[in-house]
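J.: dropping the sequence and predicted coords here.
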Amino acid sequence: MKPAILVVRAIFPEVLEKLSEHFDVESNQDDVVFTPAELAHKLKGKAGAMTTASARINEDLLQQLPDLKMVANMAVGYDNFDLAACRAHGVLASNTPDVLNETTADFGWALMMATARRITESEHWLRAGEWKKWRYDYFLGPDIHGSTLGIIGMGRIGQAIARRSIGFNMKVVYHNRSRLSPDNEAYANNATYLEKEDLLRQADHVVLVLPYSPASHHTIAAAELAIMKPTATLVNLARGGIVDDVALIGALRERRIAAAGLDVFENEPKFHPDFLELSNVVLTPHIASASEATRRAMANCAADNLIAGLSGKTPPNLLTTA
Ligand code: GLV
């Protein structure tokens, strides 16, 4: 008999087919977002689950699921997993690193450029029929080229963002839990390590790509926004909760920084409604990795991890051993 698994959210049909060769698959192609109680109910008797960031895998859930052996997240971030609880219950956990680095770095640039050069704001104005003439000072914003790019979280995605800045003749400064090797700093456009406060004072464009954890909660809050340049932009590609959204709304409203580009939000998809009142913020619905090829690669990566883990092999992207 094949082991039973749950694919928690809708997914590419060919990935379901691949999983069906190995497992008795319960899918959710209607893409219902389960409550914790519904998720526990659906996972009863399952050996594995392919999850996304909306599924919280914690002690409370795992206590109810003695048959569960593995959870495979279709995301590089895994703050929805309590790894200590997974370990305690002998549940393997995996994520999907690397396959999304370049696509996410592309999107970081798209968001930074749209934010600095006011692309969505000016398009909304044009669509609203406001464009009657050209004026020298319409939609002025800060330059990207020749400016200082500050990256907080200099992992593989951060380094890919930094590398793209070579063509824009930018200076790169970064802050990270640990300093990169000289080789990696050279690869990342000769990035210079700074303490977070120094980076915030110096950078013209700040990009956040660090993982969420209790330690990175509100890495950018009122005190950090206060020391940024009034002409600076801030982009969050990482996770909601890394930025204090209420503090950011205050800073944007009072123009204490120029603008922000946000792909992630506290409590998403229920983001703070005041963002909608601000013209100096670009808002996207958590799509940084959403190129066709990359989302397929992530889904296949999660499936391959699950297939390996439930057949007694080491999953390629194992986060925790049982
Ligand atoms: C997306 O947010 C991811 O963590 O892959």
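T.: Noted; the coordinates are in hand.
J.: from now on I want contacts and neighbour counts done on CA atoms only, so please keep to that.
T.: Will do.
J.: now do the contacts for residue 299.
T.: Contact partners of residue 299, counting by CA atoms under 8 Å, 6 or more residues apart in numbering, are 11-12, 15, 74.
J.: what about the helices in the stretch 201-322 of the chain?
T.: 222-227, 245-253, 292-309 (DSSP state H, counting those that start in this stretch).
J.: indicate whether the longest one makes contact with the ligand.
T.: Right, helix 292-309. No - Helix 292-309 stays clear of the ligand (CA under 6 Å from any ligand atom), getting no nearer than 8.1 Å.
J.: buried residues in that helix?
T.: If you call a residue buried by 16 or more other CA atoms under 10 Å, then helix 292-309 has these buried ones: 294-307, 309.
J.: mean confidence score for it?
T.: For helix 292-309, the mean pLDDT works out to 98.
J.: swap in the shortest one?
T.: Summarised as a single mean, pLDDT over helix 222-227 is 98.
J.: so what touches that helix?
T.: Outside helix 222-227, the residues that reach it (CA under 8 Å, 6+ apart) are 197, 200-201, 244, 247-248, 251, 256-257.
J.: what residues does the chain put near the ligand?
T.: Close to the ligand, as judged by CA under 6 Å from any ligand atom, the chain has residues 75-77.
J.: redo those residues as JSON lines? Include secondary structure and neighbour count.
T.: Output for the residues of the chain next to the ligand, formatted as JSON lines (DSSP: H, G, I helix; E, B strand; the rest coil; neighbours: other CA atoms under 10 Å):
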{"residue": "75", "secondary structure": "coil", "neighbour count": "22"}
{"residue": "76", "secondary structure": "coil", "neighbour count": "21"}
{"residue": "77", "secondary structure": "coil", "neighbour count": "19"}
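J.: residue 33 reaches residue 9, doesn't it?
T.: Yes - Residue 33 is in contact with residue 9 according to CA atoms under 8 Å; the separation is 7.2 Å.
J.: so between the two, which is more surrounded?
T.: Using other CA atoms under 10 Å as the criterion, residue 33 and residue 9 rank with residue 9 on top: 19 against 14.
J.: just checking, that one touches residue 28?
T.: Yes - counting by CA under 8 Å, residue 28 is a contact partner of residue 9 at 5.4 Å.
J.: next, the distance between the ends of stretch 257-277.
T.: Counting by CA to CA, to the nearest Å, you get 16 Å between the two ends of stretch 257-277.
J.: can you pull out the helices in the stretch 51-200 of the chain?
T.: Using DSSP H, counting those that start in this stretch, the helices of the stretch 51-200 of the chain run over 59-62, 83-88, 101-116, 119-127, 156-164, 182-187, 196-202.
J.: any idea of the mean pLDDT in the third one?
T.: This points to helix 101-116. 98.
J.: coming back round to it: just the buried residues of helix 292-309 now: which is nearest residue 56?
T.: Closest approach between the buried residues of helix 292-309 and residue 56, by CA to CA: residue 302, at 16.4 Å.
J.: so what's that closest one up against?
T.: 50, 72-74, 94-96.
J.: for stretch 283-297, list the C-alpha coordinates in CSV.
T.: Extracted C-alpha coordinates of stretch 283-297, given in CSV (Å, rounded to 0.1, in the frame of the first residue of the first chain):
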residue,chain,number,x,y,z
LEU,A,283,2.2,46.8,-2.9
THR,A,284,2.4,43.3,-4.4
PRO,A,285,0.8,40.1,-3.1
HIS,A,286,3.8,37.9,-2.1
ILE,A,287,4.9,37.1,-5.7
ALA,A,288,8.7,37.5,-5.6
SER,A,289,9.3,33.9,-6.7
ALA,A,290,6.3,33.8,-9.1
SER,A,291,7.9,33.2,-12.4
GLU,A,292,6.3,30.2,-14.2
ALA,A,293,9.6,28.2,-14.3
THR,A,294,10.5,28.9,-10.7
ARG,A,295,7.2,28.1,-9.1
ARG,A,296,7.3,24.8,-11.1
ALA,A,297,10.8,24.2,-9.8
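J.: okay, now the domains of the chain?
T.: Per automatic domain parsing, the structural domains of the chain span 4-99+292-320, 101-283.
J.: end to end on the first one, go ahead and measure it.
T.: Separation of the first and last residues of domain 4-99+292-320 by CA to CA is 21 Å.
J.: so which residues of this structure form strands?
T.: In the chain, strands defined by DSSP state E lie at 4-7, 24-26, 48-51, 70-73, 92-94, 148-152, 171-175, 192-193, 205-208, 233-236, 259-262, 281-283, 318-320, listed in chain order.
J.: would you turn those strands into a markdown table with distance to residue 270?
T.: A markdown table is the format used below for the strands of the chain (distance: least, CA to CA, whole Å):
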| stretch | distance to residue 270 |
| --- | --- |
| strand 4-7 | 24 |
| strand 24-26 | 28 |
| strand 48-51 | 20 |
| strand 70-73 | 22 |
| strand 92-94 | 27 |
| strand 148-152 | 25 |
| strand 171-175 | 29 |
| strand 192-193 | 35 |
| strand 205-208 | 21 |
| strand 233-236 | 16 |
| strand 259-262 | 14 |
| strand 281-283 | 13 |
| strand 318-320 | 29 |
